[in-house]
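What follows is a protein structure lacking sequence information:
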């Protein structure tokens with residue numbers, strides 16, 4: 001998925017990584033932290049934060065400037081299928097194969 005600014009292309013991968021590509025230069029960064037396949041990613045409207053979800057049932061939040069994980073959100077009983085930030089970036093919605101949807105408020 002492209003970031004709202006179009007500057008970053010992010011992809012989820014079965015090799016447990018998130019790959020970030022700078023759209024202008026093609027530079028690739030790899031984020032590691034999931035213990036199973038990464039299924040989905042979302043970038044907040046300010047292009048500051050990436051959320052990732054996967055087969056490990058966790059949502060991870062990443063700082064796009066430092067490329068580091070800032071927190072992990074357990075809470076689903078099955079793999080995370082999709083993620084989306086609200087237009088103002090204050091909330092993150094997640095859906096899971098466990099048939100649940102969760103709304104997370106950002107601090």
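Nice, I can see it. Keep in mind the model is a prediction, meaning the values are calculated, not measured. Numbering: from 1, shown residues only.

Looking at the protein, which residue reaches furthest from the middle?
residue 25 (21.9 Å; C-alpha atoms, centre = their mean).

contacting residues around that residue?
Residues in contact with residue 25 (C-beta atoms under 8 Å, 6 or more residues apart in numbering): none are found. Every C-beta, even on glycine, is put in place using the N, C-alpha and C of the backbone.

distance of it from residue 19?
Going from residue 25 to residue 19 by C-beta to C-beta, to the nearest Å gives 14 Å.

What of residue 86?
Going from residue 86 to residue 19 by C-beta to C-beta gives 25 Å.

cool, and residue 37?
13 Å.

list residues touching both of the two?
Counting by C-beta under 8 Å, 6+ apart, the contacts common to residue 37 and residue 19 are residue 13.

Name the residues of stretch 32-47 that are buried.
For stretch 32-47, the neighbour count (16 or more other C-beta atoms under 10 Å) marks 33, 34, 38, 39, 40, 41, 42, 43, 44, 47 as buried.

how about the strands in the chain?
For the chain, the strands defined by DSSP state E cover 8-12, 17-22, 28-32, 38-43, 49-54, 58-63, 68-74, 80-85, 91-96, 101-105.
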